[in-house]
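Chemist: Predicted model and sequence below, questions to follow.
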Amino acid sequence: MDVPDHVTAPGGEPAGPHRPRPDDPGLWRRRLRHDIRHELGTIIMLASAVAVADDIGAGSRERVEQLLGETRWLDHLLNRLDADDGDDGTRPLPAPERIRVDDLAAEVVTGMRLATPHEVGFTGDEAWAHMDPVALWRALRNILDNACRVAAGRVDVRVTADQGWVAVQVDDDGPGFGAGKGGLASLGLGIVHDLISEYGGGLEIRTCEMGGARVRVLLPSAPPADAVPAGAACADDWRPHP
């Protein structure tokens, strides 16, 4: 007997003749993202409960709150992936937002400090740029991941603003770019280059004073907070919210 078109199978997908084929790659991706989002929601719920518990110390609470911040960035990535589903490469870039680069970089550094045994230093001048915040977060995470993977014991991050450009500089005391194996490092820097160049930025790679690699991201700067006209969009709108 034929199944009416309006009848749906578990998961809300059509059960009739228009139901997607089980081997449809688009269907497979949607189902996988559904399961990932479900597990991510569970992690956020559990971590939120721990963060407000009375039986944990201040240090543990800080780590749990940082974990929540990381999961919210992951949720941003999943949202971006959902928006790109079926994209044929013609979808416009996410609109740039006016963001505080030193604050975002400090957040990335804080997360890396909890995830690596190395010392991760940070200094940052107030610096503003127009860019998609998710793209910048991805770029900085890739750079920090690479640096912490090859470092002997220290990574330094510095944010400066000068002559119309914002620079995010990451130094490590590893063997230097090209001295080790490619693979993940090359892939990560390829991602960084594409993300930054799409918003008018640039990427520089050289040797630093510590003997390892120096990766420098350059972004066109935006005016400081006191130069924004009244009624303009809030500069902190990019921040992940619960």
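Modeler: Sure thing, it's come through.

Chemist: Look at stretch 157-173 and report the distance between its end residues.
Modeler: One end of stretch 157-173 sits 12 Å from the other (Cα to Cα, to the nearest Å).

Chemist: Please disregard the earlier target; I meant stretch 177-189.
Modeler: 11 Å.

Chemist: Could I get the average pLDDT for that stretch?
Modeler: Across stretch 177-189, the average pLDDT comes to 67.

Chemist: What ranges in this protein fall below the confidence cut-off?
Modeler: 1-26, 28-29, 32, 34, 38, 80-92, 179-185, 225-242 (pLDDT under 70).

Chemist: Show me the strands in it, by range?
Modeler: Listed in chain order, the strands of the chain (DSSP state E) span 97-100, 119-124, 128-131, 154-162, 165-172, 202-207, 213-220.

Chemist: could these go into CSV alongside mean neighbour count?
Modeler: All C-beta spots, glycine's among them, are computed from the backbone N, C-alpha and C. Shown next, in CSV, are those (neighbours: other Cβ atoms under 10 Å):
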stretch, mean neighbour count
strand 97-100, 22
strand 119-124, 16
strand 128-131, 22
strand 154-162, 20
strand 165-172, 23
strand 202-207, 14
strand 213-220, 22
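
Chemist: any chance of those strands in JSON lines, plus distance to Thr110?
Modeler: Below are these laid out as JSON lines (distance: least, Cβ to Cβ, whole Å):
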{"stretch": "strand 97-100", "distance to Thr110": "15"}
{"stretch": "strand 119-124", "distance to Thr110": "8"}
{"stretch": "strand 128-131", "distance to Thr110": "20"}
{"stretch": "strand 154-162", "distance to Thr110": "11"}
{"stretch": "strand 165-172", "distance to Thr110": "15"}
{"stretch": "strand 202-207", "distance to Thr110": "23"}
{"stretch": "strand 213-220", "distance to Thr110": "18"}
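
Chemist: Quick check: which of those strands is nearest to Val108?
Modeler: strand 154-162 (8.1 Å; Cβ to Cβ).

Chemist: mind listing what that closest one pairs with, with the direction of each?
Modeler: With DSSP bridges as the test, strand 154-162 is paired with strand 119-124 (parallel), strand 165-172 (antiparallel).

Chemist: show me where the chain has helices.
Modeler: Applying DSSP state H to the chain gives helices spanning 25-51, 58-83, 101-115, 133-150, 184-197.

Chemist: Save the ones you listed as TSV, and put in distance to Val168 and mean neighbour count too.
Modeler: Formatted as TSV, the helices of the chain follow (distance: least, Cβ to Cβ, whole Å; neighbours: other Cβ atoms under 10 Å):
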stretch	distance to Val168	mean neighbour count
helix 25-51	27	13
helix 58-83	17	14
helix 101-115	6	19
helix 133-150	7	22
helix 184-197	10	17
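
Chemist: among those, which is nearest Asp173?
Modeler: For those, the distance to Asp173 is smallest for helix 133-150, at 9.1 Å, taking Cβ to Cβ.

Chemist: tilt between the closest one and helix 101-115?
Modeler: 40 degrees (axes from the mean of the first three to the mean of the last three Cα atoms, to 10 degrees).

Chemist: helices or strands up against helix 133-150?
Modeler: When contacts are defined as 3 or more Cβ pairs under 8 Å, 6 or more residues apart in numbering; DSSP states H and E, helix 133-150 packs onto helix 58-83, strand 97-100, helix 101-115, strand 154-162, strand 165-172, helix 184-197, strand 213-220.
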